[in-house]
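S.K.: here you go, sequence then predicted model.
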Amino acid sequence: MRRALFAAILSCASVATAASDVFSVHLVATPDAPGSRMWRLALPGGGVEEIALESAALLDETAIANADAVRGPGGGGEIRLVLTADGAQRLAELTSRNVGRRFGIVVAGRPRAAPVVTTEITNGQLVVGGLPSAEASTLAKTLGPPSASIQAESESPPGAARDVAALRVIEGNWSGLSATMDGVVIYELVGGTWTFHDGTLTATNGVGDTGRFALTTDVAAPNAFRLDPVAPSRERGGWMIFKREGDRLTLAFFDGFFKRPEDFAPAPKKVVSSSHSGLAVPPRPPGRPASEPAPRCTSYRPSNRPTR
């Protein structure tokens, strides 16, 4: 069976509601179950499955915070639903109680997926896959606004593309040696690591917080890449530029990612970080002197602790 249900963030009432023509999630029932309704589910690759769905909706469109049309692993379209915090809790409760059962996901009055719940879903994301790209895009617009990372990606410069080959020059593990903003040391970035692998970045700062990002390059600027958070990371996305000189990697980005830097020269709110190749993390510098102001770098402040 196709993969169609995953975890993210969600909000909804704590009780079942009436079915909605916009969006609803139901338990798949036996055809003779009281109050159930038969539906025809189109299968990817052709074919139709007759399924019965319970009439009560476990979730509806009020649970949706954002809806993004994205490209699935097989090249087709997917709808990624980012839900509110209350809904994420509700989804976790529903999936925890119904492991082994199927959920029917109805969008625009038609069942689009009926995946088996294999485990409790705790990150609150629903992904409905196996759709034509154009249909996924149309349906996503009816379900909610795009998430910040998708919106920012749509505003990327012409020529932006996911080109993993362009990033092979920085593939590997890099240990943070120094980081400054406005001429002041960013101690939370010193001693951290940057790990580039197959078009992704896993960044861990000097106090152990970590975040994971998907990378997009720009053919017009080969030394630049865009970061967009990968769930469950919830940081803001934006652009960085890089420069490799032997075993030294220099990165530059603006705090808040409000624009893409053009060079590595000092500028207000620009962070410049230097790293060394390899896994060994250098000793952290002594703590910030009391007389030195503490800079606040909001672009890179991951909220997710690494798995121990």
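M.R.: Structure received.

S.K.: for the rest of this, base every contact and every neighbour count on C-alpha atoms.
M.R.: Will do.

S.K.: Thr95: which element?
M.R.: Using DSSP states H and E, Thr95 sits within helix 85-97.

S.K.: buried sites along that helix?
M.R.: Ala85, Asp86, Gly87, Ala88, Gln89, Arg90, Leu91, Ala92, Leu94, Thr95, Ser96 (16 or more other CA atoms under 10 Å).

S.K.: double-check the third one against Glu61; I have them as touching.
M.R.: In other words, Gly87. No. Judged on CA atoms under 8 Å, Gly87 makes no contact with Glu61 at a distance of 10.5 Å.

S.K.: helices of the stretch 151-300 of the chain, start to end?
M.R.: Per DSSP state H, counting those that start in this stretch, the stretch 151-300 of the chain carries no helices over any range.

S.K.: could you list the low-pLDDT ranges of it?
M.R.: Flagging of the stretch 151-300 of the chain using pLDDT under 70 yields the residue ranges 151-164, 219, 231-236, 278-300.

S.K.: repeat that with 50
M.R.: For the stretch 151-300 of the chain, applying pLDDT under 50 flags the ranges 152-160, 279-300.

S.K.: picking up where we left off before, columns distance to Lys269 and pLDDT on top of the buried residues of helix 85-97, output as CSV?
M.R.: Shown next, in CSV, are the buried residues of helix 85-97 (distance: CA to CA, whole Å; pLDDT from 0 to 100):
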residue, distance to Lys269, pLDDT
Ala85, 32, 80
Asp86, 35, 80
Gly87, 36, 80
Ala88, 35, 81
Gln89, 37, 84
Arg90, 40, 90
Leu91, 40, 88
Ala92, 39, 87
Leu94, 44, 92
Thr95, 44, 90
Ser96, 45, 92
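
S.K.: what separation is there between the residue most central in space within the chain and Thr200?
M.R.: The centre of the chain sits closest to Val230, judged by CA atoms, centre = their mean, with a distance of 3.1 Å. For Val230, the distance to Thr200 (CA to CA, to the nearest Å) stands at 9 Å.

S.K.: which neighbours do those two have in common?
M.R.: The contact sets of Val230 and Thr200 overlap at Arg212, Phe213, Ala214 (CA atoms under 8 Å, 6 or more residues apart in numbering).

S.K.: name the member of the residues you listed that has the highest neighbour count.
M.R.: When neighbours are taken as other CA atoms under 10 Å, the top entry among these is Arg212 (24 neighbours).

S.K.: excluding its backbone neighbours, what's nearest that residue?
M.R.: Excluding its sequence neighbours, the residue lying closest to Arg212 (CA to CA, 6 or more residues apart in numbering) is Thr202, at 4.4 Å.
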